[in-house]
Every structure is written in structure tokens, then in C-alpha cells.
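In: structure of the sequence below:
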Amino acid sequence: MSFQVTVQPSGHQFTCDEGETILTAAIRAGVGLPYGCKNGACSSCKGKLVEGSVTHGPHQERALSAQDESLGFSLFCCARPNSDVIIEAREVAGIGDFPVKKMPVRVAKLDKVADDVIILSLQLPANDRLQYKAGQYVEFMLRDGKRRSYSMANAPHKDEHLTLHIRHMPGGLFTDQVFSTLKERDILRFEGPLGTFFLREDSDKPIVLLASGTGFAPIKAIVEQLEHAQSARPVTLYWGGRRPQDLYMDELCKTWAQSLPNFKYVPVISNAQPEDHWSGRTGFVHQAVIDDQPDLSGYQVYACGAPIVVESAQRDFVAKCGLPEDEFYADSFTSAADLATVQ
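Out: Residues are numbered from 1 along each chain as shown. Here you go, the predicted model:
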């Protein structure tokens, strides 16, 4: 049995098989519903259920509360239709431009750039090319059907290899492997490109880029894409970490600030210690944006990092700074620990 899903206001329709989530069916059909984690841990795919009924699988309360559901909202990554449905969602143009592929990749290099961060460089097959948009991610296919997601840290035109920034999560199925047994020439498999977090190039609005920790990876790709396009849009990058060493490519950001026109870099540290001798900005990284840019009504914001950072930024930028809700683009870096709290 299958059900028909109709998306408003576009009128796009696609078929959802029994037991399949609306998001999975939309991706298969090339319909650009917004999404992030695909696991019920963020709220990127939340939309309105206009007609019909669905059953929601496990998800975090913060992504879809009982009150949200009572008001007719749905989390499409874990919503399985019980009938034909009509949904309301802001579709993402261009999401179907490039095919989603499964492919083997060879480890070309592992560079440890901080105690808990490795830059993983991957060699793609010689006869295959991964087309993607700056900001998107891939999913590694691991044993027992498990998957782990990482954003591409270089723009599509940049570098010979595909690069990813991997932060060590002790006990993590994939990161323990990366930091202990993975070596050059090992073969991994992934699927991609995925995600609706990418640079919107059809606008001339000034941009605020907000990153925490390794959320810098897709932000780096976006900066490289802007540079490649010779964009004249004003860009300010705010990168936050607990300690200065968390800003593991600080020198690159300073180089951008010196070489790229209309580009500013603001590093922000939340937990500097006396031995760090930190004299720069302190506190929460999204608060630094509010202090500097009290009026965001004419901006686009791209935010990536820990869920608490992304959620706080979205809430406060819209409520306090007048940022249009549809000009906030985000990717929450949900870890396996985050997903463990999905209910």
C-alpha cells in the first residue's frame, strides 16, 4: 500500500510507501523538503500537516513537542502517513540538482589539527565525481547498518580530495576508529550529498556565518564558494569555542579577513583560562552577533554547530534582531549521544 503526499504551496506530489517516512519518500522523489539530521533530533524538517494523519516515530521533544503536534505540526523525518496527506512546507530550490550516490572512498590523509580534531582527506573514485553544494554532508555506512554524518569542509571546486573535520567523541563508533585504527589507503563507504544546508547564491543580502566547534567545516566550504564566485556580498564569520585551541583553523580565518574584500572574522571564546592569555571576545558566540548586529532584518544567517547554539541563535535572531525566519539556514551537529535521547 502507498499514500500520496501533496506539498503546499508548490502543489508537488509524490508517493510514500507504507512504513516509509515522508522525508525519505521526498528525497527519493527529488522533492526539496528541508532537513538536517534525518533522525528526529533537530527540527529542520518540521512543517504543517494540513490534511490526513501520520504516526510519528521516535524523536526528541525539543524537535517536536506534544503541543506542536496538537497544533498540527509534523516532523517529516519520522512521520509515516496513515492516509493520503497534504503538508505545508517551505521547499528548497535546487536540492534535486545532483544525484545522491553510494560510493567507496580511499583515505588519503589524516591530519590531527587539535587534540580532538582530525581533518580526514578522502580520495574519490577516479571514474566517479561527487557533485554537491557547499554546506552539504555525507553519511558513512558503518557496520550493523549504522550511519554517521559529516559535512564536506571544502567547496566543490576546491582541492583534489574531499575533506571532513572529525571531532573525537570518546566511545563513538566512528570517531574512535578515526582516532585509533584508521590509516591511509583504508576504504570507507558513504552516501551523499545530503542536506538542505547550503549557500543560497540567488541573493545579494549580507551574510552572517555562525559556527561552533567543527560546525566550522561546512562554513569553510561556504566561504570558499563565495570566494570562487567572486561574491561582493558582505560576510562576517563568528566562530565560537570553549578554549582558543578549539578554533583549529584560526590562522586561515585571519588570512581570509586580510585577503577577501568585505569579509570580517570574529573569534569568540566562552571558557578561556588564565593560561590561554585570551584577549579577544568572550561569552556565547550567538550573543556576539546580537551585540554587533542588533538589526538583522536585511541579512541571511548560516549557522552550524551544537544544537543548543543553533537553537539559541534562531530564537534570538528572529525575536530580538528581526531576522526573517526564512533567512535562517542551519545544520545542527547532532551526535550519537544526542540521538540516544530520542524517544
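
In: ok, residue 207 - contacts?
Out: 226, 233, 234, 235, 236, 299, 300, 301, 302 (Cβ atoms under 8 Å, 6 or more residues apart in numbering). Where C-beta positions appear, they are placed from N, C-alpha and C, glycine not excepted.

In: actually residue 300, not the one I typed
Out: Contacts of residue 300 by Cβ under 8 Å, 6+ apart are 200, 203, 205, 206, 207, 208, 327, 329.

In: swap in 10 Å and give it another go.
Out: 199-200, 203-209, 233, 235, 323-324, 326-329 (Cβ atoms under 10 Å, 6 or more residues apart in numbering).

In: re earlier: ok, the contacts of residue 207 vs residue 215, which is closest?
Out: Nearest to residue 215 among those: residue 302, at 10.2 Å, using Cβ to Cβ.

In: mind telling me what element the closest one is part of?
Out: According to DSSP states H and E, residue 302 maps onto strand 300-305.

In: next SSE after that strand?
Out: Helices and strands here follow DSSP H and E; after strand 300-305, the next one along the chain is helix 307-321.

In: and that next one, what does it pack onto?
Out: strand 207-212, helix 285-292, strand 300-305, strand 328-332 (3 or more Cβ pairs under 10 Å, 6 or more residues apart in numbering; DSSP states H and E).

In: who does residue 47 bridge with?
Out: residue 74 (DSSP bridges).

In: cool, and the one 4 residues further on?
Out: Under the criterion DSSP bridges, residue 51 forms beta bridges with residue 86.

In: let the chain start at 431 from now.
Out: Shifting the count to begin at 431 puts that one at residue 481.

In: and it, how far from residue 641?
Out: Remark: distance between residue 481 and residue 641 (Cβ to Cβ, to the nearest Å) = 39 Å.

In: who's more crowded, these two?
Out: Between residue 481 and residue 641, residue 641 has the larger neighbour count (other Cβ atoms under 10 Å), namely 26 against 13.

In: right, and that one touches residue 647 too?
Out: Yes. The pair residue 641 / residue 647 is scored as a contact, 8.3 Å apart, by Cβ atoms under 10 Å.

In: who touches both of these two?
Out: Common neighbours of residue 641 and residue 647 (Cβ under 10 Å, 6+ apart) are 734, 735, 763.

In: can you put the helices and strands packed on helix 737-751 in a markdown table and add distance to residue 605 and mean pLDDT?
Out: Putting the helices and strands packed on helix 737-751 into a markdown table (distance: least, Cβ to Cβ, whole Å; pLDDT from 0 to 100) gives the following:
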| stretch | distance to residue 605 | mean pLDDT |
| --- | --- | --- |
| strand 637-642 | 17 | 98 |
| helix 715-722 | 23 | 98 |
| strand 730-735 | 17 | 96 |
| strand 758-762 | 18 | 89 |
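
In: JSON lines for the ones you listed, including distance to residue 603?
Out: As requested, the helices and strands packed on helix 737-751 are exported to JSON lines (distance: least, Cβ to Cβ, whole Å):
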{"stretch": "strand 637-642", "distance to residue 603": "23"}
{"stretch": "helix 715-722", "distance to residue 603": "29"}
{"stretch": "strand 730-735", "distance to residue 603": "21"}
{"stretch": "strand 758-762", "distance to residue 603": "19"}
